[in-house]
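Engineer: Dropping the sequence and predicted coords here.
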Amino acid sequence: VKSNHNSETLLEIISKANGLIIWGGDSTIERFKAIKKPLQCVEIYFPNRISSATLCAKSLIALDDEKLSKLCEKFYNDTYLVDQNACSSPNLIFWIGRDQECNKAKEIFWNAMKSLLNNKYSLDPVARIDKCLDVMKFNEKFKKNAIITHHSSNIWLTNNHKLVENIGRYGMFAEIKIQNTSQLFDYLRPNEQTLTYFGLDALELFEKSKSNISSLDRIVPMGNALNIGMHWDGKNIIEILAKKI
């Protein structure tokens, strides 16, 4: 069912709701919180979130062509498939390893992604304009220029992770090189939701996330960022909505 934002019918339905789930931007959440509803109404809100990916440089360098191609497909499904508009799509990429290893891994990976995208990804003219406008709005908001490397028309890279906190769609990524997984938590953002990984131990990431102040809700293998279930943003949706008698 679709309705206008100010639909009286929508407001009437909400005024009688016993349970309410809202997925949307922060402004949408604020609006729906203010709408009058029954006092016993159970409300679940999913506001704006952002996500990251982390790759082991050494493991990526060791991949043969077939496995590299499969990894690129997984990364594509996490990101470009939805133009990075999903809250679980990464826009911040961590490369883990020595500096020389990270540089080599980055070159291999982005060249492979460029070949993949040339064959299966194309932005319409409006999206291309929006991508440029995103950068201009960032420049205006923070009163400084955004330094971006155009690896290709579909791959824009920056080392400014603040930039992708405000934008980061249509193939725009910030990259950070780190030497070990412990350093991840110096950069994860307050509204971080999902961390996808490649070539790393998931249990180790989980244990380190517990010992750091982290907003992470999910740690999943690359290619699984969009897999959604009844647990989301750390909430058990069925349990919250259920009534026990």
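Structural biologist: Looks like it arrived, so ask away. None of these values were measured; they are calculated from a predicted model. Numbering: from 1, shown residues only.
Engineer: what's the helix or strand where R128 lies packed up against?
Structural biologist: Here R128, judged by DSSP states H and E, is contained in helix 125-142. Contact partners of helix 125-142 among helices and strands, from 3 or more CB pairs under 8 Å, 6 or more residues apart in numbering; DSSP states H and E: helix 161-166. C-betas here are computed from N, CA, C, even on glycine.
Engineer: Would you mark the buried spots in the helix it packs on?
Structural biologist: By neighbour count on 16 or more other CB atoms under 10 Å, the buried set for helix 161-166 is 161, 163-165.
Engineer: next one: stretch 212-222
Structural biologist: Neighbour-count burial for stretch 212-222, counted by 16+ other CB under 10 Å, picks out 216-220, 222.
Engineer: how about S51, secondary structure?
Structural biologist: Following DSSP: H, G, I helix; E, B strand; the rest coil, the label given to S51 is strand.
Engineer: Helices along this structure, start to end?
Structural biologist: Per DSSP state H, the chain carries helices over the ranges 8-14, 26-34, 57-61, 65-78, 99-120, 125-142, 161-166, 202-210, 237-241.
Engineer: one step back: between the buried residues of stretch 212-222, which is nearest Y76?
Structural biologist: Y76 has its nearest neighbour among those in M222, at 10.3 Å by CB to CB.
Engineer: now that closest one: how far from N4?
Structural biologist: Going from M222 to N4 by CB to CB, to the nearest Å gives 39 Å.
Engineer: Just list what the helix or strand of the chain with the lowest mean pLDDT packs against, helices and strands only.
Structural biologist: Of the helices and strands making up the chain, the lowest-confidence element is helix 161-166, at a mean of 75, by mean pLDDT, DSSP states H and E. Under the contact definition 3+ CB pairs under 8 Å, 6+ apart, helix 161-166 sits against strand 90-96, helix 125-142, strand 172-178.
Engineer: The ones you listed: lowest mean pLDDT?
Structural biologist: Among the helices and strands packed on helix 161-166, helix 125-142 carries the lowest mean pLDDT, a mean of 88.
Engineer: Same question for it: list its buried residues.
Structural biologist: Residues 130-131, 134-135, 138 are the ones in helix 125-142 that count as buried (16+ other CB under 10 Å).
Engineer: Show me which residues of stretch 73-83 are buried.
Structural biologist: 73-81, 83.
Engineer: residue ranges with poor pLDDT in the chain?
Structural biologist: Scanning the chain for pLDDT under 70 picks out the ranges 166, 213-214.
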